[in-house]
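K.L.:
show me the folded form of this:
(2 chains)
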Amino acid sequence: MSILIDSETRLMIQGITGNEGNFHAGQMLSYGTNIVAGVTPGKGGDWVLGGKVPVFDSVKTAVEMTGANATVIFVPSRFAADAVLEAADAGIPLIVCITEGIPVKEMLRVKAVIDRQNVMLIGPNSPGIIAPPYAKVGIIPSTITQKGSVGIVSRSGTLTYEVMYALKQAGIGTSTCVGIGGDPIIGNNFRNILSHFEGDPQTDKVILIGEIGGQDEERAAAFISEHMTKPVIGFIAGQAAPPNKRMGHAGAIIEGGVGTAESKIKALKNAGVQVANYPEEIPDLLPKI
Amino acid sequence: MRLHEYQSKDIFSNYQIPIPRGRLASTPEEAKLITEEINGPVVLKAQVLVGGRGKAGGIRLVKSPDEAEDVASKILGERIKDIPVRRLLIEEAVSIQQEIYFGMTVDREKGETLLIASAEGGVDIEEIARLSPEKIFRVNINPLLGLRDFQARNLATDIEIPRELWRSFIALSRSLYNVYTDLDATLAEINPLVITTGKRLVALDGKIIIDDNALFRHPELLDRRDITIESPQESEARKFCLSYIKLDGNIGCLVNGAGLAMATMDIIQHKGGQPANFLDIGGGASSEKVAAALRIMLTDKQVKTILINIFGGITRCDEVALGIQQTLADFDTNIPFVIRLVGTNEAEGKQILADSNLITADSLEEAAEKAVSLSQELSA
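P.N.:
Numbering: from 1, shown residues only, chains lettered A, B, ... in the order given. This is a model prediction of the structure:
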């Protein structure tokens, strides 16, 4: 069993007629993902991807007609917050937002709304989710993945690919890889995904890929020491980065010394997490289970 | 995008937040004239976007127009933390009874706006937050409800603002919150917010940072960007939407994706080298963008070696290769390039570069080792 998505997932693609949406929908389809609908306002009635996928004008109609139970969003940043809300309003339980560059103020409002609903938002600014070989929701290149028992949760895009590539070359496969997104305000944090992995029978160890800024890695470390029985391997990008460009005094007051690579690595190590110095070191650190 | 103090105060003033009387001067003569208008002691404040400006001598109290002219002629053209001072804000000196800290920013953890206040504002606020965290008060604001009066009133009691000023404090809080939300700010800060000896609240300083992702809906703010503080490399990077930060080392790095760019810098350091920059070309970069990124690094005299690490997803290796090929044709350089290309259209990319005189690597680790040893040879 993978987490969040599997072969039963009925995926909808918002922004399916745009360049990126169309290209990646094709990739997801050829991976074997069950794509049931696309949405582009004004293009309802069209069929795309070689006539395989129907396009609807609204998420609501698409859900009514196809029973879609997950959506992935490729719409441009100024319309993406609306797309998330439209999907939540139509009752889709899993929303994955690939779009980057959504204004923070929009995301604060979106989050305030969807936190009151039974909706799981991944992203924005996420590479998506892949559960080899069952389904791919997003833009993670499928060639670098293979089925296995390692769960991956990450704030980055290409850095995650680098890690998956190193794993594959070492013959190690993935149960599910979840990119939670690189923006300041995201739908789900490390802890939520870690707890899914903890409960997933297919996953027997987890890789957490963090980076400097915010406190999510520190909180994940606390979660790991309290709730995780499965081993976790960590990597934090940004050890060589100069101190964050300061966000006035307020930023410094909030962060209060946490948020640096040093603080995150220390917190993870204190929680019993082995932390790699660079991505290609990760396969060697994975316990042989 | 960061706004200057004078820009922030302009905005404050439009929102009825009290600020001292004053104007901007870019010559000593103007400084003198403005001081004559104000007709009393004034403060000269260098308009540079760096912290710790007061401690570096960028804020001076003067008593007369002649002294203002004299001091202005000294500060203008000086450099504060390497930034040239081109403008001074000349303001009436305010007699201060108390300095308060008041600011708001994004609380990433809760997904809300966070108001922060302390009765002990001023330049040492971060020190106070560290040593006496009990003196810092915080209030979270639900983004759907906005700031409510009771929240501002609670803060006023927390930081012991005299009761007769509650009404002005609540009005000011609401105004600052409106500035913050109307402008899509990620920071709005008044430090210090002072209580004058005449029992008025006045914003003595102001700092606003605008969310770059929201600038599209604030065209009026784009004209306010201070491009005089950018290096030629930074201007070029902004023009091509490259995320670039100059560092002290000698290995130029060109990478797709911020996380991977940081990890590439990390491994360089781990292998004993020093990165010359952070440079993220983003996703799906064109060959022109890649060429611009290489130009930026090749014009940085500190760069001895260039490491290109591309993990193609949306980014296509052949497009990156074309950018490299173009740059090699345009530039007569003997700086070695270490290249590692993996992912989308990798074979096509490698084909394009087959005849170029480049050092290739299959793994990130190998690429970093090669770049570090080259940079050490060339610096020796």
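
K.L.:
between the two ends of stretch B:270-282, how far is it?
P.N.:
24 Å (C-alpha to C-alpha, to the nearest Å).

K.L.:
so which bits of it are buried?
P.N.:
B:270-271, B:273-282 (16 or more other C-beta atoms under 10 Å in any protein chain shown). (Each C-beta comes from the backbone N, C-alpha and C, glycine too.)

K.L.:
tell me the one of those nearest chain A?
P.N.:
Set against chain A, the nearest of these by C-beta to the nearest C-beta is residue B:270 (5.1 Å).

K.L.:
what's that closest one in contact with, if anything?
P.N.:
A:277-278, B:368 (C-beta atoms under 8 Å, 6 or more residues apart in numbering or on different chains).

K.L.:
got a pLDDT number for it?
P.N.:
With respect to pLDDT, residue B:270 scores 95.

K.L.:
that one and residue A:70, how far apart?
P.N.:
Separation of residue B:270 from residue A:70 (C-beta to C-beta, to the nearest Å) stands at 39 Å.

K.L.:
next: residue A:46.
P.N.:
Applying C-beta to C-beta to residue A:46 and residue A:70 gives a distance of 21 Å.

K.L.:
now swap in residue A:170 and tell me
P.N.:
31 Å.

K.L.:
then residue B:58?
P.N.:
Taking C-beta to C-beta, one finds residue B:58 at 54 Å from residue A:70.

K.L.:
neighbour count winner among those two?
P.N.:
Using other C-beta atoms under 10 Å in any protein chain shown as the criterion, residue B:58 and residue A:70 rank with residue A:70 on top: 26 against 21.

K.L.:
neighbours of the residue nearest to that one when sequence neighbours are not counted, how many?
P.N.:
Nearest residue to residue A:70, sequence neighbours excluded (C-beta to C-beta, 6 or more residues apart in numbering or on different chains): residue A:94, at 4.1 Å. Residue A:94 has 20 neighbours, counted by other C-beta under 10 Å.

K.L.:
check contacts around the closest residue to chain B within chain A.
P.N.:
Nearest residue of chain A to chain B, counting by C-beta to the nearest C-beta: residue A:156, 2.7 Å away. Going by C-beta under 8 Å, 6+ apart, residue A:156 touches A:127, A:179, A:182, A:209, A:211, A:237, B:257-260.

K.L.:
what's the closest of these to residue B:361?
P.N.:
residue B:260 (14.8 Å; C-beta to C-beta).

K.L.:
so which helix or strand takes in residue B:244?
P.N.:
strand B:243-246 (DSSP states H and E).

K.L.:
work out the sheet partners of that strand and label each with its direction, please.
P.N.:
strand B:277-280 (antiparallel) (DSSP bridges).

K.L.:
CA atoms of the partner strand as CSV?
P.N.:
C-alpha atoms of strand B:277-280 as CSV (Å, rounded to 0.1, in the frame of the first residue of the first chain):
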residue,chain,number,x,y,z
ASN,B,277,27.2,32.1,-5.6
PHE,B,278,23.7,30.7,-5.2
LEU,B,279,22.1,30.5,-8.6
ASP,B,280,18.8,28.8,-9.4
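
K.L.:
near chain A, anything from the very next helix or strand once past it?
P.N.:
Counting by DSSP H and E, the next helix or strand C-terminal to strand B:277-280 is helix B:287-298. No: counting by C-beta under 8 Å from any C-beta of the partner chain, chain A has no neighbours in helix B:287-298; the shortest distance is 14.9 Å.

K.L.:
how about helix B:287-298: buried residues?
P.N.:
Neighbour-count burial for helix B:287-298 [16+ other C-beta under 10 Å]: B:287, B:289-298.

K.L.:
in chain B, what residue spans correspond to helices?
P.N.:
Counting by DSSP state H, chain B has these helices, from start to end: B:5-14, B:28-38, B:65-75, B:125-131, B:149-158, B:166-182, B:219-222, B:232-239, B:258-270, B:287-298, B:317-330, B:346-352, B:364-379.

K.L.:
so who does residue B:280 touch?
P.N.:
Counted by C-beta under 8 Å, 6+ apart, residue B:280 has contacts B:242-244, B:255-258, B:261.

K.L.:
among the residues you listed, which one lies nearest to residue A:174?
P.N.:
Distances from residue A:174 to the contacts of residue B:280, taken by C-beta to C-beta, are shortest for residue B:257, at 18.9 Å.

K.L.:
isn't the closest one right up against residue B:311?
P.N.:
Yes: look at residue B:257 against residue B:311 with C-beta atoms under 8 Å: they come within range, at 7.2 Å.

K.L.:
residues contacting stretch A:233-240, please?
P.N.:
With C-beta under 8 Å, 6+ apart as the criterion, stretch A:233-240 contacts A:156, A:159, A:163, A:205-213, A:217, A:261-262, A:264-265, A:268, A:273-276, A:278-279, A:282, A:285-286, B:259-260, B:262-263, B:265-266, B:268-269, B:275.

K.L.:
and these, which of them are buried?
P.N.:
A:156, A:159, A:163, A:205-213, A:217, A:261, A:264-265, A:268, A:273-276, A:278-279, A:282, A:285-286, B:259-260, B:262-263, B:265-266, B:268-269, B:275.

K.L.:
among those residues, name the ones in helices.
P.N.:
Per DSSP H, those map to helices at A:159, A:163, A:217, A:261, A:264-265, A:268, A:282, A:285, B:259-260, B:262-263, B:265-266, B:268-269.

K.L.:
follow-up on the earlier one: residues shared between the contacts of residue B:257 and residue B:311?
P.N.:
With C-beta under 8 Å, 6+ apart as the test, residue B:257 and residue B:311 both reach residue A:158.

K.L.:
next one: residue B:170, what pLDDT does it get?
P.N.:
On the pLDDT scale, residue B:170 gets 97.

K.L.:
do the one 4 residues further on as well
P.N.:
The confidence metric pLDDT takes the value 98 at residue B:174.

K.L.:
that one touches residue B:152, doesn't it?
P.N.:
Yes: contact status for residue B:174 versus residue B:152: in contact at 6.8 Å, counting by C-beta under 8 Å.

K.L.:
run a quick neighbour tally on residue B:236.
P.N.:
Counted with other C-beta under 10 Å, residue B:236 comes out at 17.

K.L.:
not counting its neighbours along the chain, what's nearest residue B:149?
P.N.:
That would be residue B:170: by C-beta to C-beta, 6+ apart, it lies 5.5 Å from residue B:149.

K.L.:
list the contacts for that neighbour?
P.N.:
Per C-beta under 8 Å, 6+ apart, neighbours of residue B:170: B:149, B:152-153, B:156.

K.L.:
looks to me like residue A:24 is in a helix.
P.N.:
Yes: remark: residue A:24 belongs to a helix, assigned using DSSP: H, G, I helix; E, B strand; the rest coil.

K.L.:
how close does it get to residue B:180?
P.N.:
Taken as C-beta to C-beta, the span from residue A:24 to residue B:180 is 36 Å.

K.L.:
check contacts around the residue positioned nearest the centre of chain A.
P.N.:
By C-alpha atoms, centre = their mean, the mean C-alpha position of chain A lies nearest to residue A:179, the distance being 2.5 Å. By C-beta under 8 Å, 6+ apart, the contact set of residue A:179 is A:122-123, A:126-129, A:138, A:140, A:154-157, A:160.

K.L.:
ok, residue A:218 next?
P.N.:
So, once contact is read as C-beta under 8 Å, 6+ apart, residue A:218 ends up touching A:258, A:263-264, A:267.

K.L.:
what do you get for residue B:359?
P.N.:
Residue B:359 touches B:336-339, B:370, B:374, counting by C-beta under 8 Å, 6+ apart.

K.L.:
report pLDDT for it.
P.N.:
Reported pLDDT for residue B:359: 95.
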